[in-house]
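Student: heads up, no residue letters with this:
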């Protein structure tokens with residue numbers, strides 16, 4: 001690639017030889033200025049001030065001043081010539097990048113236009129200025145040294161040539177290492193850009209070790225690239241010391257010998273002026289400009305060439321040939337991220353769907369619970385009250401559990417614990433015998449939160465995200481029919497239809513996420529109010545589909561009484577009054593559950609609803625039905641007594657909302 005860019009660059013310059021001639025012509029004035037920088041002070045000393053002729057010395061200094069003015073004029077004209085050389089390069093790069101962006105609808109073309117093209121333009125202009133300045137400055141200084149005394153060239157020339165040769169030898173290795181550092185830095189930035197917004201996803205999938213290892217590898221790669229570049233940069237500094245600073249030392253050290261061999265004092269001072277004011281600054285600009293900007297230009301041109309952009313000398317109207325490979329867009333590592341949704345996927349997908357008696361990894365699960373919690377305690381801070389305290393729970397494979405309780409009591413915390421998003425303060429959690437958190441357990445469960453992931457792509461891509469193998473269309477349609485997605489799938493145009501997440505309602509996104517989880521191989525499904533945006537009929541269909549999965553176990557954070565009624569077992573979370581059993585059992589023996597059932601049960605026409613219990617021994621409670629008229633804290637017997645009040649039998653008939 002570097003050799004190809006070099007050839008294209010030569011072709012680009014050859015096509016603009018007139019601009020190069022004009023650039024060289026104006027640069028000759030700068031050569032004259034450099035020549036006078038040392039020659040005029042030398043003559044001013046030897047023929048003027050040291051000879052007692054001050055007017056001659058002042059005259060030579062005036063000549064040097066005129067040289068500075070003429071050189072400045074030439075430098076100003078040089079900028080116009082450089083612009084005539086650089087702007088065509090920019091125009092060609094812009095033409096190619098824009099054409100590619102329009103032709104291929106490539107969003108990356110914007111970055112190429114606004115950043116990479118401008119980097120190439122500015123860097124190329126700087127390289128032209130630096131290289132031209134070093135060339136003509138060096139010629140002017142060497143001619144001046146020879147004019148003063150050829151012996152001066154014997155002292156200044158060899159270290160200057162050695163320094164330039166050493167610098168030239170480092171150009172290619174430095175360019176390679178500069179590109180390696182840029183690539184490593186971009187890889188680390190891309191990796192962190194994917195990791196940081198998805199930290200909860202990583203915890204949810206149990207992929208902490210894998211992600212940490214991958215990030216560590218990227219950091220180590222950048223560190224190695226930086227160290228390698230630093231080692232070669234030492235040689236660049238050495239070349240500057242040898243070529244620009246060593247000549248000054250040698251001139252001072254050999255001054256007695258030079259003076260003894262006919263070199264005049266003025267000539268020696270002029271030689272020091274050449275090295276200190278001309279050669280050293282020019283070499284320093286060359287080393288820093290060409291060494292850093294040159295490698296940067298090579299990297300950017302490589303990127304533009306690789307991405308289909310223009311390169312120096314390339315034909316802007318050339319069309320890709322049929323045998324040129326099309327650009328490939330590699331998908332990002334890991335699952336696409338929706339910044340508005342938490343995680344809902346297992347860390348790794350097993351090789352095949354579980355049988356009724358096997359886990360996705362092939363281990364027999366009939367002898368072990370699908371989910372077990374032993375003395376689990378969790379608090380959100382070292383001094384906070386536990387949200388979950390000493391909780392024990394065992395679910396066999398195929399169980400259907402509903403988790404209920406007041407808002408904020410810890411239901412989502414429980415699903416996060418089971419999913420491995422958070423770690424309990426004490427106790428153990430196992431999924432099919434695998435400890436949580438851990439990659440093996442993460443592969444056996446799928447978590448669906450309220451906010452569902454839907455990513456830009458086809459519907460089939462969204463539904464098959466949890467599967468390592470492609471999902472056949474008949475299987476997709478069967479899953480969509482079971483969960484209730486089929487009407488939406490048909491409305492969108494089938495599995496291959498593109499999906500715009502913003503165009504879907506919250507309920508539609510939940511149906512997509514539910515079907516995706518249904519297709520996964522994870523036997524344990526955790527639905528953390530994952531159907532809250534569905535109507536009761538759609539919710540029932542989805543839950544029954546998950547409950548009927550072969551070998552599947554379902555845990556639902558319920559927000560409707562119907563979900564609890566459908567479940568085989570119910571877990572009531574209410575602080576220390578946690579209870580576990582069937583719906584009928586809990587109605588009989590769990591006051592918190594009866595309260596929740598009372599809140600969930602709609603008011604029947606023509607009848608009032610008993611209030612929440614006041615926990616009095618006679619089971620007599622204040623009326624709290626929302627549609628019941630009041631009579632100043634009227635009291636009725638609660639359900640165990642079997643009595644209710646009929647609306648309209650109260651004396652004042654006022655709304656209960658105005659009572660006490």
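Tutor: Great, that's in hand. As the structure is a computational prediction, the values presented were derived from the model and not from experiment.
Student: center of this protein - which residue?
Tutor: When C-alpha atoms, centre = their mean is applied to the chain, the residue found nearest the centroid is residue 193 (1.8 Å).
Student: from residue 224, how far out is that residue?
Tutor: Distance, residue 193 to residue 224, by C-beta to C-beta, to the nearest Å: 21 Å. Placement of C-beta: from N, CA and C, glycine included.
Student: what does residue 428 give?
Tutor: The gap separating residue 428 from residue 224 is 41 Å, by C-beta to C-beta.
Student: in three-state terms, label residue 398 for me.
Tutor: Per DSSP: H, G, I helix; E, B strand; the rest coil, the secondary structure class of residue 398 is coil.
Student: I'd say residue 529 and residue 557 touch.
Tutor: Yes - counting by C-beta atoms under 8 Å, residue 557 is a contact partner of residue 529 at 5.1 Å.
Student: what's the overlap in contacts for those two?
Tutor: residue 412 (C-beta atoms under 8 Å, 6 or more residues apart in numbering).
Student: which neighbouring elements make contact with the host helix or strand of residue 151?
Tutor: Assigned by DSSP states H and E, residue 151 falls within helix 150-195. Applying 3 or more C-beta pairs under 8 Å, 6 or more residues apart in numbering; DSSP states H and E, one finds that helix 150-195 contacts helix 117-148, helix 208-240, helix 246-253, helix 255-260, helix 265-273, helix 280-288, helix 294-306.
Student: which one of those lies nearest to residue 587?
Tutor: Among the helices and strands packed on helix 150-195, helix 208-240 comes nearest to residue 587, with 42.2 Å by C-beta to C-beta.
Student: could I get the average pLDDT for that closest one?
Tutor: Per-residue pLDDT over helix 208-240 has a mean of 87.
Student: what of stretch 163-175?
Tutor: 85.
Student: again, but for stretch 432-440
Tutor: Stretch 432-440 carries an average pLDDT of 89.
Student: can you get me the start-to-end distance on it?
Tutor: Separation of the first and last residues of stretch 432-440 by C-alpha to C-alpha, to the nearest Å is 10 Å.
Student: now do the buried residues in that stretch.
Tutor: Residues 432, 433, 434, 436, 437, 438, 439, 440 are the ones in stretch 432-440 that count as buried (16 or more other C-beta atoms under 10 Å).
Student: and of the residues you listed, the nearest to residue 188?
Tutor: Residue 188 has its nearest neighbour among those in residue 439, at 23.8 Å by C-beta to C-beta.
Student: wait, residue 163 touches residue 236, no?
Tutor: No - counting by C-beta under 8 Å, residue 163 does not reach residue 236; the two are 10.2 Å apart.
Student: and these two? which has more neighbours close in?
Tutor: For residue 163 versus residue 236, neighbours defined as other C-beta atoms under 10 Å are more numerous around residue 163 (23 against 19).
Student: ok, the residue nearest to that one when sequence neighbours are not counted - how many residues close by?
Tutor: The spatial neighbour of residue 163 that comes closest, neighbours along the chain excluded (C-beta to C-beta, 6 or more residues apart in numbering), is residue 243 at 1.9 Å. By the other C-beta under 10 Å criterion, the neighbourhood of residue 243 contains 28 residues.
Student: ok, residue 243 to residue 236 distance?
Tutor: Residue 243 sits 11 Å away from residue 236, going by C-beta to C-beta.
Student: which residues do these two both contact?
Tutor: residue 167.
Student: re earlier: so which of the helices and strands packed on helix 150-195 is the most packed in?
Tutor: Highest mean neighbour count among these (mean count of other C-beta atoms under 10 Å): helix 265-273, with a mean of 22.
Student: so that one versus helix 117-148, what angle?
Tutor: 170 degrees (axes from the mean of the first three to the mean of the last three C-alpha atoms, to 10 degrees).
Student: could you check the angle helix 265-273 makes with helix 246-253?
Tutor: Angle between the axes of helix 265-273 and helix 246-253 is 160 degrees (criterion: the same axes, to 10 degrees).
Student: counting by contacts, list what helix 265-273 packs against.
Tutor: Checked by 3+ C-beta pairs under 8 Å, 6+ apart, helix 265-273 has helix 17-43, helix 117-148, helix 150-195, helix 246-253, helix 255-260 packed alongside it.
Student: chain center to the first one, what's the gap?
Tutor: Going by C-alpha atoms, centre = their mean, to the nearest Å, the spacing between the C-alpha centre of helix 17-43 and its chain's C-alpha centre is 50 Å.
Student: what do you get for the shortest one?
Tutor: The chain centre lies 65 Å from the centre of helix 255-260; the measure is C-alpha atoms, centre = their mean.
Student: give me the contacts around it.
Tutor: Contacts of helix 255-260 with the rest of the structure, by C-beta under 8 Å, 6+ apart, involve 149, 151, 152, 155, 251, 265, 268.
Student: doesn't residue 154 make contact with the fifth one?
Tutor: Okay, so that is residue 251. No - the pair residue 251 / residue 154 is not scored as a contact, 11.0 Å apart, by C-beta under 8 Å.
Student: quick one: which of residue 529 and residue 557 has more around it?
Tutor: residue 557 (26 against 20).
Student: now the helices for the stretch 501-650 of the chain?
Tutor: Counting by DSSP state H, counting those that start in this stretch, the stretch 501-650 of the chain has helices at residues 506-519, 536-547, 561-566, 583-589, 591-600.
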